[in-house]
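In: Next come a sequence and a model predicted from it.
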Amino acid sequence: MSSYSSAFPALHSLQLPLSIQGKRGWASFFPGTSTLVCPKIPTYLQHSRFADLVHEKFDTIQRQQDPMLDWQALDLRLPTSWNSKDKAKHIDVDRLGLQLHYAGPGRSEAHAGSIRTNFAIPKHCGMFYYEVKIISKGDDGFIGIGFCTKENDLNRLPGWDVGSYGFHGDDGHSFAGSGTGDDYGPSFTTHDVIGCGIDFTNQTGFYTKNGTMIGVAFRNIPLYQSYYPVVGLRTPGEAVTTNFGDEPFVFDINQLVKVTDQPGLLTPSPIDLSIIFCSKSNRKSPKR
């Protein structure tokens, strides 16, 4: 097992929210065991401590029938699709939640639109990575790819506001709470595949293009925030499709995980917890 895989020991002493303490709260929090589906783990995390945690929690939930038993619940679900209920009006999503199309007039910055994923990225995974293939750059290729908080305005491109981070295709600039951006990498266009990663162990964000590492785009990313993958579009004809790990990545993220040096361990802190695992009935379009 690599140093990355062993970087995260079993998590403990996580404070449950007051809203689910007590029998009535547990009843609404604890889904029926017959409907539970163990979350799929991407290949680059399959031999990590995070994968062990997911399976440990899932096995525990299936074994325990009494929701009042003293075990700690932790939401370890990874982003798997775009959330059709958490987007700007100018973004269209396909039924699988993977393809995005711009559906606005695209005449000004006010017509930009972004979308977040169904789940936030659990920091305990250590590193999260996804790829976006540009189906069409449309009129101008004002496509932004990155991650943001739940509070960020989705009528903006990724990176324009504090708490939002983005890499834009038209100029290759990286944006972190700024409307001007910084020189970072090459531009991207139709048929390119852009990978976006966030490494919680060293608080950095990075990108790849067509299987090649571009480099670190962001440093000192605050860990007290929860982040969602985000994609933004701005001009007619722009369209992308996304791989959250169900298919092999163009970039060899497995190798990066193996060689990543781990400076330390993440310290768990009290967080607001929600439902632990997806049910079969809401797996494709989870309710928020």
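Out: Yep, that arrived. Residues are numbered from 1 along each chain as shown.

In: okay, and for the chain, where does confidence drop off?
Out: Low-confidence segments of the chain (pLDDT under 70): 1-37, 64-74, 261-288.

In: Quickly list the domain ranges of it.
Out: The record's domain parsing of the chain by automatic domain parsing lists 18-76+272-280, 82-249.

In: tell me how far the ends of the longest one are from each other?
Out: Criterion Cα to Cα, to the nearest Å; first-to-last residue distance in domain 82-249 is 18 Å.

In: quick one: the strands in the stretch 1-150 of the chain?
Out: For the stretch 1-150 of the chain, the strands defined by DSSP state E, counting those that start in this stretch cover 82-87, 91-93, 99-102, 113-117, 127-137, 144-148.

In: of the ones you listed, which approaches F58 most closely?
Out: Minimum separation from F58 across the strands of the stretch 1-150 of the chain (Cβ to Cβ) falls at strand 127-137, 19.3 Å. Using the backbone N, CA and C atoms, a C-beta is placed for each residue, glycine as well.

In: so what secondary structure elements neighbour the closest one?
Out: Packing partners of strand 127-137 (3 or more Cβ pairs under 8 Å, 6 or more residues apart in numbering; DSSP states H and E): strand 193-199, strand 228-233, strand 238-243.

In: What strands line up against that strand, and which way round?
Out: Applying DSSP bridges, strand 127-137 is found paired with strand 193-199 (antiparallel), strand 238-243 (antiparallel).

In: Deepest-packed of those strands, please.
Out: Mean neighbour count (mean count of other Cβ atoms under 10 Å) peaks for strand 193-199 among the strands paired with strand 127-137, with a mean of 23.

In: Which of the strands paired with strand 127-137 sits closest to N254?
Out: Taking Cβ to Cβ, strand 193-199 is the member of the strands paired with strand 127-137 nearest to N254, at 12.4 Å.

In: after the closest one, next one along is what?
Out: Proceeding N to C from strand 193-199, the next assigned helix or strand is strand 204-209, under DSSP states H and E.
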